[in-house]
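K.L.:
Got a sequence here, can you build the structure:
(one chain, ligands or ions: 1)
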Amino acid sequence: MNIQAQPEGLESCVVACWSCKGPASPRALFCSVCNAVQPPRAVDHFQRLGLLPGFEIDLAQLERHYFGLQRKLHPDRFAGRTGCEKLYSQQQATQLNEAYETLKDPMRRAVYLLKLAGRAADADPKGTVSDPALLMESMEAREALAEAETSAEAGAVLIRAEADIASGIADLAQAFAERRLDQAEKLVLRLKYLSRLAEEARAHKARLARSAGE
Ligand SMILES: [Zn+2]
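P.N.:
Next up, the predicted model:
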């Protein structure tokens, strides 16, 4: 899926190596001419990790690419290098970690894809719910959680929230595949709410289990 057209020919566009001024691709960690580590360029997380942009990604491939690149940037490899190279390798590693952490998590990946498409899916960090159906669902779940007197009852709320999260992620994949970004945005908000609910249910369940000496 191509959520946002990549800038024309980015993959083929060439930047100059800071050290030897030779040609380097924006994605390259090292100059192919002099082997100097390159500063991170403005490529998106998918490009940085050598993946096609989309919600459905091959997680095994993500891991493989990430750990492969991370190994190349290990500080031990830069022990004898110049300060400049140490700095660039650290900056590359930071960008790489940020890309990996964002893409491996379905929620963060969805928010990032929406951002690439020019949408602010996390414009509301507090996640105030304005959709009436979601508001109702949220109130009912919170009530059920507040009324839970045993860890099993809180556990039931948790199980339901986790099942809703799983089906919400499947719906999200579908929405992205069909490029229904309004729907994807709505689903992201619902998933944020469900994640918070699951977190609260987990904490409440643990509290109830502790006080019952379970
Ligand atoms: Zn070079």
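
K.L.:
Can you point out the buried residues in stretch 99-114?
P.N.:
Across stretch 99-114, burial judged by 16 or more other CB atoms under 10 Å covers Ala99, Tyr100, Thr102, Leu103, Pro106, Met107, Arg109, Ala110, Val111, Tyr112, Leu113, Leu114. Where C-beta positions appear, they are placed from N, C-alpha and C, glycine not excepted.

K.L.:
will you turn those into TSV that also has distance to Arg160, secondary structure and pLDDT?
P.N.:
Formatted as TSV, the buried residues of stretch 99-114 follow (distance: CB to CB, whole Å; DSSP: H, G, I helix; E, B strand; the rest coil; pLDDT from 0 to 100):
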residue	distance to Arg160	secondary structure	pLDDT
Ala99	33	helix	97
Tyr100	31	helix	98
Thr102	28	helix	97
Leu103	28	helix	97
Pro106	19	helix	94
Met107	18	helix	92
Arg109	24	helix	96
Ala110	21	helix	95
Val111	24	helix	94
Tyr112	28	helix	95
Leu113	27	helix	95
Leu114	26	helix	95
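
K.L.:
Let me know the closest of the residues you listed to the ion.
P.N.:
Among those, Ala99 lies closest to the ion (CB to the ion), at 23.3 Å.

K.L.:
How about that closest one, nearest residue that isn't a chain neighbour?
P.N.:
Nearest residue to Ala99, sequence neighbours excluded (CB to CB, 6 or more residues apart in numbering): His45, at 3.7 Å.

K.L.:
Need the pLDDT of the one you found.
P.N.:
Listed pLDDT for His45 reads 96.

K.L.:
Same question for Gln4.
P.N.:
pLDDT, Gln4: 42.

K.L.:
Equivalent analysis for Ala24, please.
P.N.:
The model reports Ala24 with a pLDDT of 85.

K.L.:
For it, the count of nearby residues, please.
P.N.:
Burial measure for Ala24: 23 neighbouring residues, criterion other CB atoms under 10 Å.

K.L.:
Contacts only, for it.
P.N.:
Val14, Val15, Ala16, Cys17, Cys31, Ser32, Val33, Gln38 (CB atoms under 8 Å, 6 or more residues apart in numbering).

K.L.:
Contacts only, for the first one.
P.N.:
Put plainly, it is Val14. By CB under 8 Å, 6+ apart, the residues touching Val14 are Pro23, Ala24, Ser25.

K.L.:
give the contact list for the residue nearest the centre of the chain.
P.N.:
Closest residue to the average C-alpha location of the chain: Thr102 at 2.5 Å, with CA atoms, centre = their mean. Counting by CB under 8 Å, 6+ apart, Thr102 touches His45, Arg108, Arg109, Tyr112.

K.L.:
Leaving aside the residues adjacent along the chain, what's closest to the third one?
P.N.:
Think Arg109. If the residues on either side of it in the chain are set aside, Arg109 comes closest to Leu103, at 5.2 Å by CB to CB, 6+ apart.
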